[in-house]
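Peer 1: Give me coordinates for this.
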Amino acid sequence: MRIGVLGFTDKRPILYPLMKLLQYTGDVVVITDDRRFKRLLEDYTSPGHLGNIMICVTDATPDEVWEEIDHRENDFDHVIYDLRDTLHEDIDMYIHVKGSDYEDGEKDFLECVDAYTPIKLMYDGKPDRTKETMNIPITLKLLSTLEILENKKVLLPLPSPKVNKAIAKLIATHLSLKMSDALKLLRKGWQS
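Peer 2: Predicted structure coming up:
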């Protein structure tokens, strides 16, 4: 499965559980320019591994990255592209993660995307009133859990039923899982 996660905000509350769920069904690679992902890696060295998840922190484009890491897209069962303003032609699903508001040019960029699932991280406490948008409250407990799992270098369950439900709803059918099974996997401890 090839997933493009779009947006300019901190997408870790969505990407970490997405990585956790996908790793149960195959090898995963995450391609991102977000330097915070290095916190999950031994010695903060990229590319690196967290269990069967390869994390590549780079400024290369989605097409250039494969030469940089000496792999091919087909070497992995699941590829997550953490994208800001770049599209990739071989994507099965786009997710747009919005923070409190749109950044400059973000709305214009989204007009170039055929279809995507919108998720709003409610840092400001205000939900997006669009019917198809999944609204996720961002709590201090959720943010502190991100810090803990980066510190321990594990993908622990997030203390947010809304995040878990959103990820399970988005991905379960693509992985041939029941939603209840996907939720169980998201609530499990880390298994590297």
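Peer 1: so where's this structure shaky on pLDDT?
Peer 2: Applying pLDDT under 70 to the chain picks out residues 191-192.
Peer 1: how about the strands in it?
Peer 2: Secondary structure of the chain (DSSP state E): strands at 2-6, 28-32, 48-50, 53-57, 78-83, 93-98, 117-122, 134-137.
Peer 1: Those strands: which one's closest to Leu41?
Peer 2: Among the strands of the chain, strand 48-50 comes nearest to Leu41, with 3.5 Å by CB to CB. Where C-beta positions appear, they are placed from N, C-alpha and C, glycine not excepted.
Peer 1: Can you tell me who the nearest residue to Val113 once chain neighbours are set aside pairs with across the strands?
Peer 2: Excluding the flanking residues, the one nearest Val113 by CB to CB, 6 or more residues apart in numbering is Tyr94, at 5.5 Å. Taking DSSP bridges as the rule, Tyr94 bridges to Gly4.
Peer 1: could you check the distance from Ser144 over to Pro13?
Peer 2: Using CB to CB, to the nearest Å, we find Ser144 at a distance of 12 Å from Pro13.
Peer 1: more crowded one of those two?
Peer 2: Taking other CB atoms under 10 Å, Ser144 and Pro13 do not tie; Pro13 has more neighbours (26 against 10).
Peer 1: quick one: contacts for the residue nearest to Val113?
Peer 2: Tyr94 makes contacts with Ile3, Gly4, Val5, Leu6, Val113, Ala115, Tyr116, Thr117, as judged by CB atoms under 8 Å, 6 or more residues apart in numbering.
Peer 1: Which one of the strands of the chain lies nearest to Val65?
Peer 2: Comparing those under CB to CB, the one sitting nearest is strand 28-32, at 5.3 Å.
Peer 1: Mind listing the strands the closest one pairs with, and their directions?
Peer 2: Neighbouring strands of strand 28-32 in its sheet, by DSSP bridges, are strand 53-57 (parallel), strand 78-83 (parallel).
Peer 1: re the thing from before, quick one: buried ones out of the contacts of Tyr94?
Peer 2: With neighbours counted using 16 or more other CB atoms under 10 Å, these contain these buried positions: Ile3, Gly4, Val5, Leu6, Tyr116.
Peer 1: Not counting its neighbours along the chain, what's nearest Pro157?
Peer 2: Closest residue to Pro157 apart from its sequence neighbours, by CB to CB, 6+ apart: Arg187 at 4.9 Å.
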